[in-house]
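In: output the structure for:
(one chain, ligands or ions: 2)
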Amino acid sequence: MKVTIVGAGAVGASCAEYIAIKDFASEVVLLDIKEGYAEGKAMDLMQTASLNGFDTKISGTTGDYSRTANSDIAVITSGIPRKPGMTREELIGINAGIVKDVAANLIKHSPNVILIVVSNPMDTMTYLVHKITDLPKERIIGMGGALDSARFKYRLAEALGAPISDVDGMVIGGHSDTGMVPLARHATRNSVKVSEFLSADRLSQVVEDTKVGGATLTKLLGTSAWYAPGAAVSALVQAIACDQKKLFPCSVLLNGEYDLKDICIGVPVILGRNGIEKIVKVDLDQAEKDKMQESAEGVRKTNSLLQV
Ligand SMILES: NC(=O)c1ccc[n+]([C@@H]2O[C@H](COP(=O)([O-])OP(=O)(O)OC[C@H]3O[C@@H](n4cnc5c(N)ncnc54)[C@H](O)[C@@H]3O)[C@@H](O)[C@H]2O)c1
Ligand SMILES: O=C(O)C[C@H](O)C(=O)O
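Out: Numbers count the residues shown, from 1 in each chain. Ligands and ions are numbered 1, 2, ... in the order given. So this is what the prediction gives:
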């Protein structure tokens, strides 16, 4: 199993590290445009192999896509991150050009690749990849919901005073400060609805804290987060590589599902060796349906800025 990661910055390197530690891939190639950067990150990571006990071979290259040839899975983490006070949507001007170029180069050398798009604004970048490539829709996956759901579970556990392993919950919708739709009504603590334990006010605080999860970290760190994003991407890569048939919310091209068409937005899907193996329909009540439509409007607004 060969995995390429384009963009050896904070998220790309974190993702490579988690993939290596989980030890399911034979090879990880890091590619960056900054001279020597991917090579340096790869060497540093390889020097953790004897300490962390993995056999995954990690190598780096400055811009040589021939080294990525025949990748099974490729992750796009190239592009600029936001600074405090910015929205993800403001990154579109620079990142659209980067993602376009990177996707074309990846597919040229790995026509059978499954692409995972991470660069922001992620739902729009995922849509862009659909527009400019002819990869089947099952092989283009945007990562956002897996991270947002992990943050939702963190906030739920905090409010409940419970271990995170007791908590389950999912976030669908757009990966943006206003567009996320945390499914609070469906969240559980060991099968019991969290509304049994938390007041409506506390639960709506959890929802609001979840939606601004990325912005909160960006303010603290001066740039956007990387550990949880890297871990979330590695979980998707593992689900595909190991044919796990796991359910994650991912940004995928919809054709009528959730009453939406011609848009990439977060919905639950089953991931396996073929990429997106199924889009899962969750029963939403009217308020949740309305939030999903509102979220889609926001994503469409950003999509309209694309020049494709
Ligand atoms: N979808 C999500 O949930 C999520 C989570 C975290 C970050 N992100 C996004 O991921 C992106 C990367 O974030 P980061 O913190 O790793 O940034 P970073 O600046 O640390 O790393 C980005 C890397 O991309 C490289 N790069 C730029 N243009 C390139 C090109 N054309 N080809 C190859 N490499 C190129 C840069 O040299 C840099 O090393 C940002 O757009 C950020 O907003 C998304
Ligand atoms: O918040 C960001 O800009 C980065 C990423 O989308 C995140 O949610 O951490």
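In: so does the helix or strand where Thr126 lies get close to ligand 2?
Out: Using DSSP states H and E, Thr126 sits in helix 122-132. No: shown here: helix 122-132 not in contact with ligand 2 (Cβ under 6 Å from any ligand atom), separated by at least 6.5 Å. For the C-beta atoms, the positions are set from N, CA and C on the backbone; glycine is no exception.
In: average pLDDT for the following helix or strand past that helix?
Out: Later in the chain than helix 122-132, the nearest helix or strand by DSSP H and E is strand 140-142. The average pLDDT for strand 140-142 rounds to 99.
In: who touches strand 140-142?
Out: Identification of contacts with strand 140-142 by Cβ atoms under 8 Å, 6 or more residues apart in numbering yields 114-118, 122-123, 125-126, 129-130, 133, 175, 236, 250-253, 264, 266, 269, 271, 275-276.
In: give me that answer again for 6 Å
Out: In this structure, residues lying in contact with strand 140-142 by Cβ atoms under 6 Å, 6 or more residues apart in numbering are 115-117, 122-123, 126, 129-130, 250-251, 264.
In: stretch 77-91 now?
Out: Contacts of stretch 77-91 (Cβ under 6 Å, 6+ apart): 6-7, 11-12, 94-95, 98, 102, 118-121, 176, 218-219, 223-224, 302.
In: ok, Ala16 - contacts?
Out: 5, 28, 30, 45.
In: spit out the contact partners of whichever residue of the stretch 151-300 of the chain sits closest to ligand 1.
Out: Using Cβ to the nearest ligand atom, the single residue of the stretch 151-300 of the chain nearest to ligand 1 is Pro229, 3.5 Å away. Neighbour list for Pro229: 11, 147 [criterion: Cβ under 6 Å, 6+ apart].
In: equivalent analysis for Val171, please.
Out: Taking Cβ under 6 Å, 6+ apart, one finds 145, 148-149, 152, 180, 182 in contact with Val171.
In: partner residues bridging it?
Out: Here Val171 sits in beta bridges with Pro182, going by DSSP bridges.
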